[in-house]
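**Q** I'll drop the sequence and a predicted model, then ask my questions.
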Amino acid sequence: MRKKRSYKKHEILPDPIFLEVEVSKFINKLMKKGKKLTAYKIFYDTIKAVGEKTKENGLEVWKKAIENVSPTVETKRRRIGGGTTQIPIEIGHKRSSFLGMKWLIEFARERSEKTMVDKLTNEIIAAYNNEGKTIKKKEDIHKMAASNKVYASFKIN
């Protein structure tokens with residue numbers, strides 16, 4: 001039997017302005033083709049714009065938006081008998097925030113505004129107000145998990 005390899009967990013350093021690891025993770029997800037300085041500029045301009053539009057602390061609005069779009073359950077496929085069923089499982093904080101950030105960036109890129117700063121700003125404000133495509137995605141995931149609650153007793157390996 002093959003021995004599983006252990007790997008060293010990559011440590012993500014906090015961002016230079018807010019000194020938070022979650023911000024660094026978001027910036028890394030926002031980055032395209034290794035252009036980290038561009039991602040920094042987009043994020044910090046977005047936080048500034050969010051603060052101006054909502055008249056609140058931009059970083060706190062962003063944190064609340066991530067919290068609002070982060071799911072608590074998801075479904076995994078499992079073959080039972082002759083068919084494949086979706087089994088709902090609760091997910092941890094890391095996976096939950098990862099999905100929230102991913103969806104926020106994904107749906108911001110789909111928006112029709114002109115610049116990425118405007119797109120991300122409006123998507124964050126929409127998520128903060130519990131509306132928009134990211135919230136709909138979260139609700140769809142939760143509905144799917146609720147409708148497959150019957151299979152919750154099956155184990156996922």
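**A** Happy to help now that I have it.
**Q** who are the neighbours in contact with residue 65?
**A** 104, 124-125, 127-128 (C-beta atoms under 8 Å, 6 or more residues apart in numbering). In short, each C-beta sits where N, CA and C put it, glycine included.
**Q** should've said residue 9
**A** By C-beta under 8 Å, 6+ apart, the contact set of residue 9 is empty.
**Q** State the pLDDT value of it.
**A** We note a pLDDT of 84 for residue 9 in this prediction.
**Q** Over to residue 155?
**A** 66.
**Q** Quick one: low-confidence residue ranges for this structure.
**A** Counting by pLDDT under 70, the ranges of the chain that qualify are 1, 155-157.
**Q** All the strands of it, residue numbers only.
**A** For the chain, the strands defined by DSSP state E occupy 73-80, 83-90.
**Q** Burial check on residue 81, number of neighbours?
**A** 6 (other C-beta atoms under 10 Å).
**Q** what about residue 106, neighbour count?
**A** As a burial measure, residue 106 scores 14 neighbours (other C-beta under 10 Å).
**Q** follow-up on the earlier one: show the buried residues in the contacts of residue 65.
**A** Neighbour counting with 16 or more other C-beta atoms under 10 Å marks 104, 124-125, 127-128 as buried within these.
**Q** Looking at the contacts of residue 65, which is nearest residue 139?
**A** Nearest to residue 139 among these: residue 127, at 12.3 Å, using C-beta to C-beta.
**Q** Could you measure from the residue nearest to that closest one when sequence neighbours are not counted over to residue 145?
**A** Closest residue to residue 127 apart from its sequence neighbours, by C-beta to C-beta, 6 or more residues apart in numbering: residue 65 at 3.8 Å. Distance of residue 65 to residue 145, given as C-beta to C-beta, to the nearest Å: 22 Å.
**Q** do residue 42 as well
**A** 33 Å.
**Q** Over to residue 154?
**A** 13 Å.
**Q** ok, which stretches of the protein are helices?
**A** With DSSP state H as the criterion, the chain has helices at 21-30, 36-54, 58-69, 93-110, 116-128, 133-147.
**Q** Just name the most buried of these.
**A** helix 116-128 (a mean of 23; mean count of other C-beta atoms under 10 Å).
**Q** so what does that helix touch, helix or strand wise?
**A** Helices and strands touching helix 116-128, by 3 or more C-beta pairs under 8 Å, 6 or more residues apart in numbering; DSSP states H and E, are helix 36-54, helix 58-69, helix 93-110, helix 133-147.
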